[in-house]
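[1] here is the input, now give the coordinates:
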Amino acid sequence: MMPIATLDSEVTGFGSLLELLRGRRTVVLAGAGCSTESGIPDYRGPESIQRSRKPIQYQEFVRSEAARVRYWARGTAGWPRIASACPNAAHHALARLEQSGVVAGIITQNVDGLHHAAGSRRVVELHGSLASVRCLECGGAVPRDHFQARLQSLNADAELWTEIEAAPDGDAELPAAAIERFRVPGCTACGGVMKPDVVFFGENVPRERVDEAWRLFAEGDVLLVAGSSLTVYSGRRFIYRAKEQGVPVAIVNLGPTRADDLAAAKVEGRLGHVLPRLADALASRE
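    Just a heads-up that it's a prediction; the model follows:
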């Protein structure tokens, strides 16, 4: 493993990263660290440890009406932060790298749509998108903004939920009393249960999406992990495949990851600082 460095020192690690990526087709595996600088909290970053909160589980959502009410009450309060978030320097740097031909595409674990908003064209949203809501019975999908309007029309207090603490994945902290009286509408077509079109913990990533991600992975000469601790298997599987096939792994992340011992190069730092510098060095020469 190459030395870890920050941009505040003479960046041996950053130089190794440049040499590893230069002249190679790169596939990016992006995680929550890409979005924290856009004001979207994560579960496992250095600043999230103190929150120590558990995400909703798929089976809990499906089986328990109370769990669904709790999820949608908190999600109704948290959605405006996601909807109004803007891409940061890291997102724009990845878009530049793709436009210049350095990056073949992005496999992202994020559900906020900010890669697309920054101009990235080939993005596999491994865990889906919060911008869509789907019926578990008939499969019909509607834009989240439309469903948000229905939620707010049934819950007049929802528009007053300001100055609340944000949580990962469009969630928010709410008092129990607000949750208890919350009402959730069903599907307009069949009356079924509505779920955000994202992969919950304990839920499988759809097969066709995994296949799409593998097709993109196969186009890369190197795998660049950007802002992921690689705790979740759905992302870590790409590290295992890279190891099997001899594809070098590069990591840019703030904090340790579960692949540090496999990395050919690692730079530890905020993506909004590191990735623009990477784009300046590589995109202008391609």
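[2] so which bits of stretch 227-239 are buried?
    Residues of stretch 227-239 classed as buried: Gly227, Ser228, Ser229, Leu230, Val232, Ser234, Gly235, Arg236, Arg237, Phe238, Ile239 (neighbour count, 16 or more other CB atoms under 10 Å). In this view, the C-beta of every residue, glycine as well, is placed from N, C-alpha and C.
[3] quick one, phi/psi of the fourth one?
    Summarising the backbone geometry of Leu230 under the convention degrees, to the nearest 10, its torsions are phi 60, psi 30.
[4] and it, what's its pLDDT?
    Looking at Leu230, its pLDDT is 97.
[5] again, but for the last one
    If you check Ile239, the pLDDT there is 98.
[6] in TSV, list the buried residues of stretch 227-239 along with distance to Asp42 and secondary structure.
    Below are the buried residues of stretch 227-239 laid out as TSV (distance: CB to CB, whole Å; DSSP: H, G, I helix; E, B strand; the rest coil):
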residue	distance to Asp42	secondary structure
Gly227	8	coil
Ser228	9	coil
Ser229	9	coil
Leu230	13	coil
Val232	12	coil
Ser234	15	helix
Gly235	13	helix
Arg236	16	helix
Arg237	20	helix
Phe238	19	helix
Ile239	19	helix
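[7] next structured bit after the helix or strand of the chain with the lowest mean pLDDT?
    Scoring the helices and strands of the chain by mean pLDDT, DSSP states H and E places strand 4-5 at the bottom, with a mean of 42. Per DSSP states H and E, the first helix or strand lying C-terminal to strand 4-5 is helix 12-21.
[8] for that following helix, the distance to its chain's centre please.
    25 Å (CA atoms, centre = their mean, to the nearest Å).
[9] please put the alpha-carbon coordinates of it into CSV.
    C-alpha atoms of helix 12-21 as CSV (Å, rounded to 0.1, in the frame of the first residue of the first chain):
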residue,chain,number,x,y,z
THR,A,12,3.6,11.7,-1.8
GLY,A,13,0.2,9.9,-1.8
PHE,A,14,-1.3,12.3,-4.2
GLY,A,15,1.7,11.9,-6.6
SER,A,16,1.2,8.1,-6.5
LEU,A,17,-2.5,8.6,-7.2
LEU,A,18,-1.7,10.7,-10.3
GLU,A,19,0.8,8.1,-11.6
LEU,A,20,-1.7,5.3,-11.1
LEU,A,21,-4.5,7.0,-13.0
